[in-house]
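Asker: My questions are about this predicted structure, shown below with the sequence.
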Amino acid sequence: MTYPDAIETVEMHTGGEPLRIVTAGWPEVKGATILDKRRYAAEHLDHLRRFIIHEPRGHDGMYAAVFVEPDLPGADLAVLFLHNAGYSTMCGHAVIALGRYAVDHGLVEARTPKTEVRMQLPCGRVTATVEVTRTGDGLRSGDVSFVSVPAFAEALDIDVPLPGHGTVRLDVAYGGAYYAILPAGRLGLDLRTTPLSVLVERAAAISAAVSGAVSLDHPDDPDLGFIYGTILTDGGTGRDGTSRNLCVFAGRQVDRCPTGSGVTARVALAAARGEASTGDSYLFQSVLGSEFTATLEALDSTGTSPVSRVRVAGRAAYCGTARFTREQGDELGRGFSLDRSHLAGTAAT
């Protein structure tokens, strides 16, 4: 495995969820399409994912974005998303941060009052709209919203066997990634009072159970057809008051923000039940209290299941920059996850 002399990053967060944007040092990611590039990264460059995501440079809650060459005509940029267990297909918090980054670093021409940034992601095209104001120091980016890929309900009110709990009724929806979604109360849990470790374990168990019980076949590409995570809600809708949710994805990774693709999926569920109309807005909150607004912008009801186009809005902030290196002979410096290392009985994973 070859490591660059250094990998440089810009550090941001959206609603508390980190985004490590790789700006230099990453090798070429080969492939004709972005999903080809995603597979290439997993097969040939996964040691670099561990290098910047895991300890000692990151942690199991770290998240990153790597720029790749777009193959979609008209795209301003294309990115792959990295997390503690692999590679996402969609990430709303990253889109919000990348929108600001693209404006501030000249990837697109900044214009007031709003600048569009067209992104190619593994799940498809996503357009971010960045608010831009003129200050004494020049143009400054602000709040960001984006319209995600078509979202839809895959399954409503299905009963899934959950070891140690019997069966649990839940929904499965797609908002750029597939999620199992249900109120925490159905499991006898509460998002405000139940210990986070218990919520995480139960959500991870649900993801595993749904993965084994539900067959997913995304119409665009088989690589998109997998359960990415589970979203536990407070039972509210977000329409008449703020609804809190907790998303646990990948390797028990906890989203610090409300989850952009997740709230997209939640609005798609409301539309599938006939409980949402074009123009309806929803307010969703993370376990940290950070908030995203989601608005149903368009609804195609011609098929058997309604397809929703949802706009999600939030705010990202810069945290700093970094230059990561590895000293020769430092085996732990390759990157390790304490939990995985303990289970595997090895220092670096």
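Answerer: Here it is on my side, so go on.
Asker: Show me the shaky parts of the stretch 51-200 of the chain.
Answerer: Within the stretch 51-200 of the chain, not a single segment meets pLDDT under 70.
Asker: Just the strands from the stretch 151-300 of the chain, written as ranges.
Answerer: Counting by DSSP state E, counting those that start in this stretch, the stretch 151-300 of the chain has strands at residues 151-162, 166-174, 178-183, 227-233, 243-249, 253-254, 281-285, 291-300.
Asker: ok, A177 touching G124?
Answerer: No - the pair A177 / G124 is not scored as a contact, 11.6 Å apart, by CB atoms under 8 Å. Placement of C-beta: from N, CA and C, glycine included.
Asker: out of the two, which sits in the busier spot?
Answerer: A177 (27 against 18; other CB atoms under 10 Å).
Asker: For A177 and G124, list the residues in contact with both.
Answerer: With CB atoms under 8 Å, 6 or more residues apart in numbering applied, the contact sets of A177 and G124 do not overlap.
Asker: Can you tell me which helices and strands the longest helix belonging to the chain packs against?
Answerer: Longest helix of the chain, by residue count under DSSP state H: helix 196-213. Applying 3 or more CB pairs under 8 Å, 6 or more residues apart in numbering; DSSP states H and E, one finds that helix 196-213 makes contact with strand 151-162, strand 166-174, strand 178-183, strand 227-233, strand 243-249.
Asker: how about 6 Å then?
Answerer: Contact partners of helix 196-213 among helices and strands, from 3 or more CB pairs under 6 Å, 6 or more residues apart in numbering; DSSP states H and E: strand 151-162, strand 227-233, strand 243-249.
Asker: Reformat the ones you listed as JSON lines; add mean neighbour count and distance to H105.
Answerer: Converted to JSON lines, those look like this (neighbours: other CB atoms under 10 Å; distance: least, CB to CB, whole Å):
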{"stretch": "strand 151-162", "mean neighbour count": "17", "distance to H105": "29"}
{"stretch": "strand 227-233", "mean neighbour count": "26", "distance to H105": "29"}
{"stretch": "strand 243-249", "mean neighbour count": "24", "distance to H105": "28"}
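Asker: Which among these is found nearest to D143?
Answerer: Minimum separation from D143 across those (CB to CB) falls at strand 243-249, 20.5 Å.
Asker: Could you tell me the angle between the closest one and strand 227-233?
Answerer: Going by axes from the mean of the first three to the mean of the last three CA atoms, to 10 degrees, strand 243-249 is angled at 150 degrees with respect to strand 227-233.
Asker: so G314 touches V95, yeah?
Answerer: No - G314 lies out of contact with V95 (CB atoms under 6 Å); the separation is 9.4 Å.
Asker: Please tell me how far T325 sits from L82.
Answerer: Distance check for T325 against L82: by CB to CB, to the nearest Å, it reads 19 Å.
Asker: Ok, V263 next?
Answerer: Distance of V263 to L82, given as CB to CB: 22 Å.
Asker: If you count surrounding residues, which of G314 and V95 has more?
Answerer: V95 (31 against 27).
Asker: If you count neighbours, what's buried in the helix or strand hosting D143?
Answerer: Assigned by DSSP states H and E, D143 falls within strand 138-147. Judged by neighbour count (16 or more other CB atoms under 10 Å), strand 138-147 contains these buried residues: 140-141, 143-147.
Asker: Can you name the residues bridging to I231?
Answerer: Using DSSP bridges, the bridge partners assigned to I231 are I181, C247.
Asker: I figured it hits I181, correct?
Answerer: Yes - proximity of I231 to I181 meets the contact threshold set by CB under 6 Å, at 4.6 Å.
Asker: neighbours around D221, how many?
Answerer: The tally of other residues near D221 (other CB under 10 Å) stands at 14.
Asker: what's the nearest residue to it if we skip its chain neighbours?
Answerer: Take D221 and drop its neighbours on the chain: the residue closest to it by CB to CB, 6 or more residues apart in numbering is L35, 5.8 Å away.
Asker: Pull out the buried residues from the longest helix of the chain.
Answerer: For helix 196-213, a neighbour-count test (16+ other CB under 10 Å) marks 199-200, 202-207, 209-211, 213 as buried.
Asker: Quick one, which of the residues you listed has the minimum pLDDT?
Answerer: The member of those with the lowest pLDDT is A213, at 91.
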